[in-house]
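**Student:** mind folding the following:
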Amino acid sequence: MARRLIAASFVERHGLWTDAQTRAAKAVAQAIKKQKLELVRFSFADQHGVLRGKTVVAADAPGLMQAGVTMTTTLLAKDTAHKTAWPVFTPGGGFAMAEMQGGGDFVMVADPTTFRVLPWTGSNGAPNTGWLLCDIVFTNGKPVPFSTRQILRDALAKLKTAGFDYLAGLEVEFHLFRLENPRLSPDDATWPPRAPEVSLLNQGYQYLTESRFDQIDGALEPIRRGVTALGLPLRSVEVELGPSQCEFTFRPQAGLDTADTMILFRTATKQIERRHGLLASFMCRPAQPNLFSSGWHLHQSLIARQGGGNAFAGNAREGLSATGLHFLAGLLAHAHAAAAFATPTVNGYKRYRAYTLAPDRAVMVRVLGQPGDPATHLENRVGEPAANPYLYMASQIYAGLDGIAEKRDPGPSADTPYETKAQALPKDLREAVAALRASEMFRKAFGDVFVDYFAHLKEAEFARFQAEASDAGTGDVTAWEQNEYFDLF
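**Tutor:** Alright, predicted model coming up:
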């Protein structure tokens with residue numbers, strides 16, 4: 001009797017799943033059927049940390065997990081206005097890479113361990129949409145060198161080789177507005193479109209007061225319920241100092257999980273609030289009067305793979321172990337070049353102002369914990385909430401590993417930062433990108449291909465800013481920035 005041979009799937013042919021992912025895929029297929037889902041979103045985090053993807057009918061999702069979902073490579077060539085920054089219809093597509101030429105395809109490969117059901121979708125109280133975060137590869141199975149999730153995975157692997165795992169928690173500020181005019185007139189559909197008109201939900205300056213919190217509690221509740229239903233480790237919900245400014249914090253997670261949480265938190269917050277007639281923006285400094293800049297404080301430590309203890313806990317100096325001191329010194333030594341990852345927009349540099357709570361030359365990294373405290377960690381206050389979390393965290397790991405390898409010393413504690421001699425952070429995105437291009441350490445860590453790719457992308461963004469923003473030289477937030485970032489992030 002002749003036997004039928006079943007062709008191996010794309011995932012099987014190229015060995016793209018671990019055993020755990022293979023098991024998870026079977027559980028996802030069962031969950032889709034059991035929960036009677038209608039749709040499944042396949043998404044990947046692009047170069048800007050924005051989710052892009054396709055939505056498929058649920059019945060096809062199990063097969064597409066195995067086969068992958070194709071996307072056009074031109075998506076990897078887009079700047080923050082979704083404009084193509086490379087001549088893709090030339091030999092090599094402007095990348096000297098055959099796979100990027102002519103707008104061909106790449107493949108989204110679902111990570112089944114990330115599956116969730118989106119609680120804000122569906123009708124009659126029954127969610128109908130699943131969500132899968134994806135990695136990306138070329139159609140020949142080769143890795144895409146611009147896959148930011150893979151870049152963080154590679155950094156974690158190098159950290160593991162050094163004997164450590166990465167633990168990080170999130171402290172994220174953002175603005176929440178009432179949407180007054182979504183700008184749906186055809187005249188407003190420019191490229192990029194004109195930013196929506198908004199109004200405040202509350203006045204500011206009453207930092208952490210009950211009254212201000214209660215004024216926006218009704219608007220925050222859908223976010224709180226949504227992210228909790230997604231299984232994100234929410235820790236606190238707060239009102240910040242500025243008008244219509246909020247802060248959510250999340251408990252520490254290991255490895256990729258923290259970056260995945262940041263991606264889904266930003267996406268969920270924007271989608272949930274838009275359904276309620278509100279606009280959430282993770283743009284650092286929106287172009288409205290009296291608003292304050294928003295930041296993203298990254299709390300991080302290393303866990304020793306041998307013994308499982310906190311590798312930063314100790315009393316070598318400032319309540320840190322020798323490992324912690326060297327890691328801190330690496331963050332400081334490479335802060336200038338790392339700014340391109342921590343603050344990747346033109347707008348984010350408007351936050352670095354003297355004598356504010358932002359790290360101009362004020363405190364960039366804080367040591368939290370007492371000598372011997374098992375919760376001792378470093379809080380880096382440099383990031384903007386629009387940063388791509390995979391790149392931001394990878395840059396922290398590589399800078400810290402360099403500090404450990406070179407046994408760098410951070411110098412004395414800057415308890416009076418404006419009296420301490422220190423290199424100022426870049427004054428704008430152009431300066432940060434130039435520092436990144438010149439960084440031998442980051443070139444070795446990320447690879448020349450990615451550093452040149454990311455630098456070109458950001459240089460194109462800054463060039464458009466200079467060419468298109470009529471008030472680009474004033475130092476204030478421009479209409480160009482508002483249109484570029486306000487609704488994107």
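**Student:** contacts and neighbour counts: CA atoms only from here.
**Tutor:** Will do.
**Student:** below-threshold pLDDT in the chain: ranges please.
**Tutor:** Across the chain, the ranges flagged by pLDDT under 70 are 1-6, 125, 353-362, 415-420, 472-475.
**Student:** would you mind giving the domain segments of it?
**Tutor:** The record assigns the chain these domain ranges, following automatic domain parsing: 10-145, 157-485.
**Student:** among these, single out whichever gets nearest to Ile151.
**Tutor:** Closest approach to Ile151 among those is made by domain 157-485 (7.0 Å; Cα to Cα).
**Student:** restrict stretch 477-488 to CA atoms and write it as PDB.
**Tutor:** Below are the C-alpha coordinates for stretch 477-488, written out as PDB (Å, rounded to 0.1, in the frame of the first residue of the first chain):
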ATOM      1  CA  VAL A 477       8.200  71.300  19.800                       C
ATOM      2  CA  THR A 478       7.300  71.800  16.200                       C
ATOM      3  CA  ALA A 479       4.200  71.000  14.200                       C
ATOM      4  CA  TRP A 480       6.300  68.500  12.300                       C
ATOM      5  CA  GLU A 481       7.000  66.500  15.400                       C
ATOM      6  CA  GLN A 482       3.300  66.600  16.400                       C
ATOM      7  CA  ASN A 483       2.300  65.200  13.000                       C
ATOM      8  CA  GLU A 484       5.100  62.700  12.900                       C
ATOM      9  CA  TYR A 485       4.900  61.200  16.400                       C
ATOM     10  CA  PHE A 486       1.700  62.100  18.300                       C
ATOM     11  CA  ASP A 487      -0.600  59.400  17.000                       C
ATOM     12  CA  LEU A 488       2.100  57.000  15.800                       C
END
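**Student:** and the contacts of that stretch?
**Tutor:** Around stretch 477-488, the neighbours that count as contacts under Cα atoms under 8 Å, 6 or more residues apart in numbering are 80-81, 192-196, 279, 281-283, 285-287, 346-347, 350, 465, 468-469, 471-472.
**Student:** ChimeraX command to pick out the buried ones of these?
**Tutor:** Here is the ChimeraX command that selects the buried residues among these (16 or more other Cα atoms under 10 Å):
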select :80,192,193,194,195,196,279,281,282,283,285,286,287,346,347,350,465,472
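**Student:** using CSV, lay out the domains of the chain together with distance to Ile151.
**Tutor:** As requested, the domains of the chain are exported to CSV (distance: least, Cα to Cα, whole Å):
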stretch, distance to Ile151
domain 10-145, 8
domain 157-485, 7
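**Student:** restricting to C-alpha, output the helix or strand where Met393 lies in CSV.
**Tutor:** Per DSSP states H and E: Met393 is located in helix 389-405. Only the C-alpha atoms of helix 389-405 are listed here, as CSV (Å, rounded to 0.1, in the frame of the first residue of the first chain):
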residue,chain,number,x,y,z
PRO,A,389,12.1,48.2,23.8
TYR,A,390,14.1,45.4,22.1
LEU,A,391,16.8,47.8,21.0
TYR,A,392,16.8,49.8,24.2
MET,A,393,17.3,46.7,26.4
ALA,A,394,19.8,45.2,24.0
SER,A,395,21.9,48.4,24.1
GLN,A,396,21.8,48.3,28.0
ILE,A,397,23.0,44.7,28.0
TYR,A,398,25.8,45.3,25.6
ALA,A,399,27.0,48.4,27.4
GLY,A,400,26.8,46.7,30.7
LEU,A,401,28.7,43.6,29.4
ASP,A,402,31.4,45.8,28.1
GLY,A,403,31.7,47.4,31.5
ILE,A,404,32.0,44.0,33.1
ALA,A,405,34.6,42.7,30.6
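**Student:** report the angle between the lengthiest strand in the chain and helix 389-405.
**Tutor:** Longest strand in the chain, counting residues (DSSP state E): strand 164-181. Per axes from the mean of the first three to the mean of the last three Cα atoms, to 10 degrees, the angle that strand 164-181 makes with helix 389-405 is 150 degrees.
**Student:** following strand 164-181, which helix or strand comes up?
**Tutor:** Using DSSP H and E, the helix or strand that follows strand 164-181 in sequence is strand 197-200.
**Student:** picking that back up, in the helix holding Met393, what counts as buried?
**Tutor:** The neighbour-count criterion (16+ other Cα under 10 Å) identifies 389-404 as the buried residues of helix 389-405.
**Student:** equivalent analysis for stretch 185-202, please.
**Tutor:** Neighbour counts using 16+ other Cα under 10 Å place 192-196, 198, 200-202 of stretch 185-202 among the buried residues.
**Student:** can you redo the residues you listed as a markdown table with distance to Leu118?
**Tutor:** Formatted as a markdown table, the buried residues of stretch 185-202 follow (distance: Cα to Cα, whole Å):
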| residue | distance to Leu118 |
| --- | --- |
| Pro192 | 28 |
| Pro193 | 28 |
| Arg194 | 29 |
| Ala195 | 27 |
| Pro196 | 26 |
| Val198 | 26 |
| Leu200 | 28 |
| Leu201 | 26 |
| Asn202 | 28 |
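**Student:** so what touches the host helix or strand of Thr258?
**Tutor:** Take DSSP H and E as the rule and Thr258 turns out to sit in helix 256-275. For helix 256-275, contacts defined as Cα under 8 Å, 6+ apart pick out 45, 49-51, 120, 149, 152-153, 168-170, 219, 222-223, 226-227, 232, 252, 279-282, 389-390, 393, 489.
**Student:** please state the offset of stretch 377-391 from the chain centre?
**Tutor:** Computed by Cα atoms, centre = their mean, to the nearest Å, the chain-centroid distance of stretch 377-391 equals 8 Å.
**Student:** gap between the two ends of that stretch?
**Tutor:** Taking Cα to Cα, to the nearest Å, stretch 377-391 runs 20 Å from one end to the other.
**Student:** list the buried residues of that stretch.
**Tutor:** Within stretch 377-391, the residues scored as buried using 16+ other Cα under 10 Å are 377-391.
**Student:** which of the contacts of stretch 477-488 fall in helices?
**Tutor:** Per DSSP state H, helices hold the following members of these: 465, 468.
**Student:** please report how far the residue lying closest to Asp402 once chain neighbours are set aside lies from Leu298.
**Tutor:** Nearest residue to Asp402, sequence neighbours excluded (Cα to Cα, 6 or more residues apart in numbering): Gly330, at 5.9 Å. As for Gly330, its distance to Leu298 is 15 Å (criterion: Cα to Cα).
**Student:** now Val365
**Tutor:** From Val365 across to Leu298, the span is 9 Å (Cα to Cα).
**Student:** neighbour-wise, which of those two wins?
**Tutor:** The neighbour comparison of Val365 against Leu298 (other Cα atoms under 10 Å) goes to Leu298, with 22 against 19.
**Student:** touching, the more buried one and Thr249? I think so.
**Tutor:** No: between Leu298 and Thr249 there is no contact under Cα atoms under 8 Å: 10.1 Å.
**Student:** now the common contact residues for the two.
**Tutor:** Shared contacts of Leu298 and Thr249, defined by Cα under 8 Å, 6+ apart, comprise 169-171.
**Student:** of the residues you listed, closest to Leu241?
**Tutor:** For these, the nearest to Leu241 is Glu171 (14.5 Å; Cα to Cα).
**Student:** how about that closest one, nearest residue that isn't a chain neighbour?
**Tutor:** Using Cα to Cα, 6+ apart and skipping residues adjacent in sequence, the residue nearest Glu171 is Thr249, 4.3 Å away.
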